[in-house]
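**Student:** mind looking at a prediction? Sequence and model below.
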Amino acid sequence: MSATTERIRIPSEVWILVGASFVIAVGFGLVSPVLPGFARSFDVGATAATIVVSAFAFCRLVFAPAGGRLVQRLGERPVYLTGLLVVAASSLATAFAQSYWQLLVFRGLGGLGSTMFTISAIALLVRLAPPGIRGRVSSLWGSAFIIGSMVGPVIGGLLAGWGMRLPFVVYAVALVVAALVVGVGLGGARLRPPPGEADRPVLTVREALGNPAYRAVLACGVANGWANLGVRMAVIPLLAAAVRDETWVAGATLTTAALGTAITLQVTGRFSDRVGRRPLIIAGMIISGLALGGLGLSLLPGLGATTSLLVLLVLSFVSGIGAGFVNPSEQAALADIVGQERNGGTVLSTYQMVTDAGVIVGPVLTGLVVDLVGFGTALAVTGVVCVLGGLVWLRAPETLARAASPAPSAPSPPEVTTG
């Protein structure tokens, strides 16, 4: 790109969404380390406690199709704000739950709101991000969420000293503040059609499935949810506890992986806007697959059958780097497919649904393999799933050229800046 070309600035509305993403992630991090212990305080076992954690993700999965239809009918901004307020109400109710069943219901209902603001946030980024910087915007949004997820548990642990209910109250207040900021900052002028102009045409799932790139996005979403979002968060901490039976090791492993992702996101979004989504997705899935599979191979009989804490941390960091390649490029590819001129609420919700399905099913099946034959085989299989999720893109077209390439007589694409 020429240094003399016009620079594209990230719109102020995008920065508002990035700030809201950070607040949401901090709030989620506040409650995530406290929730299992809070559930156990109602005299239930470990299985019942984990069900409370899974209820949130399960409701996200079930409500995803309805969330997509709401975005198509009502628009991105009202659904986003409603989702934030639903989660705020759920969190506040959770803080005052008097029984395990109340806790389960209140926490599960939060998953409905989470689906609403997640799908609408992606839809807003599709609408507001200039096509030439979609990768950069996706990286920025993802970085805010990851950094918030790293900060939140630290604050949540401190707040828990004043009681396990307090983090839920603080989370509710933070979400209300985020809703107010987004409500004012996104006045909706750019999100409504001009007077007398028809609403944007709808891009249906059936139509999108005719695009091989969308099919690749869905397949890769399942594998990425399975490995990088599911197994890495649920199974790797169990392996960490087996490697070193100390409470800090599991947290350090997750933090190391998140750090790898956060560092990588600073460059991969811009790179995705220049060379394309496809090569970064393929490379990222292979990197994550090799890292997770490598952990498994190090535990197989005849290939070491053990792993050290250093190896665990290094390969976790590498798997995080792979996720940093994949996540912004997948979201940018999805935005390329939908485009700014179409309403793709159900297309986006379908992607969210298959990703959540991978997050839920992956750890469960991997846990069964761990119980049957051990961590080595389980993680080796996870590595294969991850690599296959990247290889599906070999038969899919690049989406960047279709979305952002100029006409033959047009000048070169502009250079990107984050001003």
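**Tutor:** Yep, that arrived.

**Student:** quick check: residue 113 touching residue 85?
**Tutor:** Yes - assessed by Cβ atoms under 8 Å, residue 113 is found in contact with residue 85 at 7.2 Å. C-beta here means a position set from N, CA and C on the backbone, and glycine is covered the same way.

**Student:** give me the more crowded residue out of these two.
**Tutor:** When residue 113 and residue 85 are compared for neighbours, residue 113 comes out ahead with 25 against 19, by other Cβ atoms under 10 Å.

**Student:** residue contacts, the more buried one?
**Tutor:** The contact partners of residue 113, taken as Cβ atoms under 8 Å, 6 or more residues apart in numbering, are 82, 83, 84, 85, 86, 87, 88, 89, 90.

**Student:** nearest residue to the first one other than its sequence neighbours?
**Tutor:** Pointing back at residue 82 there. residue 116 (6.0 Å; Cβ to Cβ, 6 or more residues apart in numbering).

**Student:** and what of the third one?
**Tutor:** If the residues on either side of it in the chain are set aside, residue 84 comes closest to residue 179, at 4.2 Å by Cβ to Cβ, 6+ apart.

**Student:** state the pLDDT value of that neighbour.
**Tutor:** For residue 179, the pLDDT comes out at 89.

**Student:** ok, it - how many residues close by?
**Tutor:** 21.

**Student:** please apply the same query to residue 16.
**Tutor:** Residues near residue 16, counting by other Cβ under 10 Å: 19.

**Student:** which helices and strands sit right next to the helix or strand containing it?
**Tutor:** Assessed by DSSP states H and E, residue 16 sits inside helix 12-31. Contact here means 3 or more Cβ pairs under 8 Å, 6 or more residues apart in numbering; DSSP states H and E; on that basis helix 12-31 packs against helix 76-95, helix 100-128, helix 134-159, helix 166-185.

**Student:** how about the second one: buried residues?
**Tutor:** By neighbour count, and taking 16 or more other Cβ atoms under 10 Å as the criterion, the buried residues in helix 100-128 are 100, 103-128.

**Student:** repeat for stretch 56-65
**Tutor:** Buried residues in stretch 56-65, counted by 16+ other Cβ under 10 Å: 56, 57, 59, 60, 61, 63, 64, 65.

**Student:** quick check: mean pLDDT across it?
**Tutor:** 81.

**Student:** mind listing the strands for the stretch 301-419 of the chain?
**Tutor:** With strands called from DSSP state E, counting those that start in this stretch, the stretch 301-419 of the chain shows none.

**Student:** low pLDDT regions in it?
**Tutor:** 301-307, 401-419 (pLDDT under 70).

**Student:** select from the buried residues of stretch 56-65 every entry located in helices.
**Tutor:** 56, 57, 59, 60, 61, 63, 64, 65 (DSSP state H).

**Student:** just send these back as CSV, with distance to residue 8 too.
**Tutor:** Shown next, in CSV, are those (distance: Cβ to Cβ, whole Å):
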residue, distance to residue 8
56, 37
57, 36
59, 38
60, 33
61, 36
63, 35
64, 32
65, 34
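
**Student:** let me see the domain layout of this protein.
**Tutor:** Listed domain ranges for the chain are 10-190, 202-402 (source: automatic domain parsing).

**Student:** follow-up on the earlier one: so among the contacts of residue 113, which ones count as buried?
**Tutor:** 82, 83, 84, 85, 86, 87, 88, 89, 90.

**Student:** low-confidence ranges in the stretch 101-250 of the chain?
**Tutor:** For the stretch 101-250 of the chain, the ranges with pLDDT under 70 are 154, 156-157, 160, 188-200, 245-248.

**Student:** next, count neighbours for residue 286.
**Tutor:** 19.

**Student:** so it is in which element?
**Tutor:** Assigned by DSSP H and E, residue 286 falls in helix 277-297.

**Student:** that helix: how far from the chain's middle?
**Tutor:** When distances are taken as Cα atoms, centre = their mean, to the nearest Å, helix 277-297 is centred 17 Å away from the chain's centroid.

**Student:** how about stretch 94-107?
**Tutor:** 26 Å.

**Student:** list the contacts of that stretch.
**Tutor:** For stretch 94-107, using Cβ under 8 Å, 6+ apart, the contacting residues are 31, 35, 38-39, 42-44, 48, 51-52, 55-56, 90, 93, 110, 165-166, 168-169, 172.

**Student:** so who does residue 124 touch?
**Tutor:** Counted by Cβ under 8 Å, 6+ apart, residue 124 has contacts 13, 17, 76, 77, 80, 186, 191.

**Student:** how about a cut-off of 6 Å?
**Tutor:** Taking Cβ atoms under 6 Å, 6 or more residues apart in numbering, we find residue 124 in contact with 17, 76.

**Student:** would you mind measuring from it to residue 350?
**Tutor:** 18 Å (Cβ to Cβ, to the nearest Å).

**Student:** with residue 394 instead?
**Tutor:** In terms of Cβ to Cβ, residue 394 sits 22 Å off from residue 350.

**Student:** of the two, which one has the most company?
**Tutor:** Using other Cβ under 10 Å, the more surrounded residue of residue 394 and residue 350 is residue 350, with 22 against 9.

**Student:** wait, doesn't the more buried one sit right on residue 205?
**Tutor:** Yes - in this structure residue 350 lies within contact range of residue 205 using Cβ atoms under 6 Å: 5.2 Å.

**Student:** then stretch 80-93 to CSV, C-alphas only?
**Tutor:** Extracted C-alpha coordinates of stretch 80-93, given in CSV (Å, rounded to 0.1, in the frame of the first residue of the first chain):
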residue,chain,number,x,y,z
TYR,A,80,-27.6,-4.9,21.7
LEU,A,81,-29.0,-2.6,24.5
THR,A,82,-31.7,-5.1,25.5
GLY,A,83,-29.2,-7.9,25.7
LEU,A,84,-27.0,-5.9,28.0
LEU,A,85,-29.9,-5.0,30.3
VAL,A,86,-31.1,-8.7,30.3
VAL,A,87,-27.7,-9.9,31.5
ALA,A,88,-27.6,-7.0,34.1
ALA,A,89,-31.0,-8.1,35.5
SER,A,90,-29.9,-11.7,35.5
SER,A,91,-26.7,-10.9,37.3
LEU,A,92,-28.5,-8.8,39.9
ALA,A,93,-31.0,-11.6,40.4
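
**Student:** avg pLDDT for that stretch?
**Tutor:** In the prediction, stretch 80-93 has an average pLDDT of 92.
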